[in-house]
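1. Give me coordinates for this.
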Amino acid sequence: MGIYSAIDQQALLLRFLFYPRKWTRPAPAGAEDLLVPVEKDIAVGCRLYGGAPGHPWILLFHGNGEIAADYDQIAPFYQQREINLAVADYRGYGRSGGQPTFSGMVGDAPLIFEAIRERLAQRQRQEKLFVMGRSLGSISALELAGQYPGDISGLIIESGFISVTGLISHLGLPALGLDLSAIDAESRRRAAQIKLPALIIHGRADSLVPFSQAEELHRCLGSESRELVPIPGAEHNDVIFVDRERYFGAIAGFVEERSRSSS
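-> Okay, the predicted model is just below:
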């Protein structure tokens, strides 16, 4: 958590990296909203899209301009592939309280993970659980992959990065006085310690988070089993839809294989 405290002190930089949006409408039929206490008087919202019993779950941490409710239209694509989806918000997003920070994201991720596991246990759901990070959500997903190697069946990163410092540098964001190299080195060290099977999906034409970020993450992960799936012609925010079959086919194949091999 400490490696991001210097970024959190840069108010202007945080305004460039977080785009919180409130949303309080109830979950659609078949879905459930869960509020996870993360600090006194602060809870973070999650939305669970359940399907048939026996199907594995993906806990997904979304991008910086999204909220969990945006996945009301996307969750059915996972369910068609026999995958259940749970999506976590960040502080200040959706129904969540507080203000978003990187330290908050890292510190809240284990609490969210434990709460999701507890809720599934209450439902008597014992399926395999995978963790996924899209774009900014890479930070939360990588944190959990490092902390819970025995409890997560696999790691999926979509349009992500190994360290937010690469994004700051690529976009030329204001980072006066920040030692980005120290943050980057610690992020690489942590990635090298992750041994979970990993799937990385990234758009070849991504101008926000360049494809080179996916290649770097693929190189640095300590996972013996890791795959990088490029989506030709895809930008940052259309990667799902440019080649939906390749995108969801890669995820479904990864989840199916890891669920079978870890049974």
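
2. Next one: Gly249 relative to Arg81, how far apart?
-> 8 Å (CB to CB, to the nearest Å). Using the backbone N, CA and C atoms, a C-beta is placed for each residue, glycine as well.

3. Equivalent analysis for Pro197, please.
-> From Pro197 over to Arg81 (counting by CB to CB), the distance is 18 Å.

4. Looking only at neighbour counts, state which of the two leads.
-> Pro197 (22 against 16; other CB atoms under 10 Å).

5. Need the pLDDT of that one.
-> Pro197 is assigned a predicted lDDT (pLDDT) of 97.

6. Excluding chain neighbours, what is closest to the spatially most central residue of the chain?
-> Centre of the chain computed as the mean C-alpha position; nearest residue by CA atoms, centre = their mean is Gly133, 1.8 Å away. In this structure, Gly133 finds its nearest non-sequential neighbour in Ala141, 2.9 Å apart by CB to CB, 6 or more residues apart in numbering.

7. The one you found reaches Gly154, doesn't it?
-> No - using CB atoms under 8 Å, Ala141 makes no contact with Gly154, being 10.7 Å away.

8. Between those two, which contacts overlap?
-> Contact criterion CB atoms under 8 Å, 6 or more residues apart in numbering; residues shared by Ala141 and Gly154: Val131.

9. that older thread, list phi and psi for the residue nearest to Gly133.
-> phi -70, psi -40 (degrees, to the nearest 10).

10. tell me the contacts of it?
-> Here Ala141 is in contact with Phe61, Ala109, Val131, Met132, Gly133, Leu155, Ile156, Ile157, Gly160 (criterion: CB under 8 Å, 6+ apart).

11. Check which helix or strand Arg91 maps to.
-> Secondary structure from DSSP states H and E places Arg91 outside every helix and strand.

12. What about it, how many residues nearby?
-> 22.

13. Spit out the contact partners of it.
-> With CB under 8 Å, 6+ apart, Arg91 has these contacts: Pro20, Val38, Ile42, Val44, Gly97, Gly98, Gln99, Pro100, Thr101, Gly104, Met105, Asp108.

14. Let me know the helix or strand that the first one is in.
-> Here Pro20, judged by DSSP H and E, is contained in no helix and no strand.

15. That one is in contact with Gly97, isn't it?
-> No - between Pro20 and Gly97 there is no contact, the gap being 10.9 Å when judged by CB under 8 Å.

16. any idea where the strands of the stretch 1-150 of the chain begin and end?
-> In the stretch 1-150 of the chain, the strands defined using DSSP state E, counting those that start in this stretch lie at 31-39, 42-49, 57-61, 84-88, 129-134.

17. Give me the neighbour count for the spatially closest residue to Asp179 that is not a sequence neighbour.
-> Excluding its sequence neighbours, the residue lying closest to Asp179 (CB to CB, 6+ apart) is Ala6, at 7.2 Å. Using other CB under 10 Å, Ala6 is surrounded by 18 other residues.

18. just checking, Ala6 touches Leu176?
-> No - using CB under 8 Å, Ala6 is not in contact with Leu176; the gap is 11.2 Å.

19. Could you name every residue contacting both of these two?
-> In contact with both Ala6 and Leu176: no residue, using CB under 8 Å, 6+ apart.

20. okay, Ser263: pLDDT?
-> Ser263 is given a pLDDT of 54.

21. Kindly list the main-chain dihedrals of the nearest residue to Pro53 once chain neighbours are set aside?
-> Distances taken as CB to CB, 6+ apart place Arg125 nearest to Pro53, at 6.8 Å, with adjacent residues excluded. Dihedral pair for Arg125: phi -110, psi 120, per degrees, to the nearest 10.
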